[in-house]
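[1] no sequence on hand, only this structure:
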């Protein structure tokens with residue numbers, strides 16, 4: 001088990017920020033994150049948005065999906081068809097799902113904070129979506 005020692009006012013290490021983000025994204029409460037990592041609630045939310053920006057920004061996560069490679073798409077489709085009980089699951093090259101992670105309003109950090117409000121969830125949230133192949137690997 002890793003033990004982190006925090007000094008008031010010291011910069012937060014990247015690996016600690018990532019740990020905060022991953023716990024939050026997995027459903028961790030900010031109150032728990034405050035206690036575990038000795039940071040304020042505001043710092044928890046700033047960390048979440050910094051990691052999101054790092055993923056979405058230049059040099060961040062790049063998706064390499066074979067949109068225009070018919071041979072690779074055919075392999076993905078064959079894998080899904082092979083898992084079909086009746087071998088009739090035809091044409092599928094990915095399984096997509098998503099969820100909302102509640103957060104606070106991003107405020108003046110973005111041009112239109114209302115764009116982050118999800119009416120049916122009655123909260124501000126980040127939408128996360130993923131596509132998996134037939135072997136349940138994120139693509």
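    Looks like it came in fine. If you're wondering where the values come from, they're calculated on a predicted model, not measured in any experiment.
[2] only C-alpha atoms for contact and neighbour calcs from this point on.
    OK.
[3] where does pLDDT dip in the chain?
    1-9 (pLDDT under 70).
[4] and residue 61, helix, strand or coil?
    The assignment at residue 61 comes out as coil when based on DSSP: H, G, I helix; E, B strand; the rest coil.
[5] same question for residue 82.
    Residue 82 - assigned by three-state DSSP - is helix.
[6] that one and residue 98: what is the separation?
    Going from residue 82 to residue 98 by CA to CA, to the nearest Å gives 25 Å.
[7] could you say which helix or strand holds residue 130?
    Assigned by DSSP states H and E, residue 130 belongs to strand 123-132.
[8] may I have the residues that are in contact with the closest residue to residue 124 other than its chain neighbours?
    Using CA to CA, 6 or more residues apart in numbering and skipping residues adjacent in sequence, the residue nearest residue 124 is residue 117, 4.1 Å away. Going by CA atoms under 8 Å, 6 or more residues apart in numbering, residue 117 touches 105, 123-125.
[9] out of those residues, who's nearest residue 69?
    Proximity of the contacts of residue 117 to residue 69 (CA to CA) peaks at residue 125, which lies at 34.3 Å.
[10] run a quick neighbour tally on the nearest residue to the closest one once chain neighbours are set aside.
    Computed as CA to CA, 6+ apart, the closest residue to residue 125 that is not its neighbour in sequence is residue 102, at 4.2 Å. Neighbour count for residue 102, taken as other CA atoms under 10 Å: 19.
[11] next one: residue 106
    19.
[12] just checking, what packs against the helix ranked longest in the chain?
    Taking DSSP state H as the criterion, the chain has its longest helix at helix 41-56. Identification of packing neighbours for helix 41-56 by 3 or more CA pairs under 8 Å, 6 or more residues apart in numbering; DSSP states H and E yields helix 14-25, helix 30-37.
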